[in-house]
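Q: Below are the sequence and a predicted model for it; my questions follow.
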Amino acid sequence: MTTRSITLDARLYDYLVAHSLRELPIQRELREHTAALPLARWQIAPEQGQFMGLLLQLMGARRALEIGTYTGYSALALALALPPDGILITCDIDAATTAVAREFWQRAGIAVRIETRIAPALDTLDGLIVTGAANSFDFAFIDADKAGYRDYYERCLTLLRRGGLIAIDNTLWSGRVADPANDESDTRHLRAFNTLLHGDARIALSLVPIGDGLTLARKL
């Protein structure tokens, strides 16, 4: 028994994946395709995708947002967890990587559930707010530029219904947030963001040590 989260070495991580991950062939193919790309590190861990999908199913989520899409693995995991009439709006600025995502979504048979906006995410989120979508989404996933996290979070909090959930990726940042010698810009942004959420009375909070750190913020 232990009173703190267990450390996963390679052997234990492989065991976790072997005894938990239920990945469709199309998901595995997309993950392997992305692993060969120069920015493969931008893709979430497969067990994280499965975890978020389970959260959506537990919530009965029907409307979701994603900030940062890359090649679409996280969106695929989220859309698979939505009901047939559910909708996921994804925000990204890279048409080339999103084209890869669309191909795999189409092949998975869930492209009809995903609406992609190629534009700065704040423009998309502000547009949704202006057109009356505040308090209408169940779930949001933020995984984009770290300097923008606070603004994305505030917009998503406005767009989520009461009881809705925001999931924010990379909040442990490979341990760099806890390294006082690390003064990189992204690290500083993430430290400030983590501190902000820790003191935010508008949410219930948990930082889960899965993937690169996944913060869960439930709108009260």
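A: Structure's in. What do you need? Remember, it's a predicted structure, so these values are computed and weren't measured experimentally. Numbering: from 1, shown residues only.

Q: Going by C-alpha atoms from here, please, whenever you check contacts or count neighbours.
A: Will do.

Q: which SSE is the most centrally placed residue in the chain in?
A: The structure's the chain has its C-alpha centroid closest to residue 141; by C-alpha atoms, centre = their mean the separation is 3.6 Å. Assignment of secondary structure by DSSP states H and E places residue 141 within strand 137-142.

Q: now the next helix-or-strand element following that strand against strand 137-142, angle please.
A: Tracing the chain C-terminally past strand 137-142 and defining elements by DSSP H and E, one meets helix 149-159 next. Taking axes from the mean of the first three to the mean of the last three C-alpha atoms, to 10 degrees, one finds that helix 149-159 is oriented at 170 degrees with respect to strand 137-142.

Q: What residues of helix 149-159 count as buried?
A: Within helix 149-159, the residues that count as buried by 16 or more other C-alpha atoms under 10 Å are 149-150, 152-153, 155-159.

Q: neighbouring strands for the strand holding residue 141, and are they parallel or not?
A: Within its sheet, and counting by DSSP bridges, strand 137-142 is paired with strand 63-67 (parallel), strand 160-169 (parallel).

Q: What pLDDT is listed against residue 1?
A: Among the per-residue scores, residue 1 holds a pLDDT of 67.

Q: So, low pLDDT: which residues of the protein?
A: Confidence mapping of the chain against pLDDT under 70 gives the ranges 1.

Q: Show me where it has its strands.
A: Counting by DSSP state E, residue ranges of the strands within the chain are 63-67, 87-92, 114-118, 137-142, 160-169, 203-208, 214-219.
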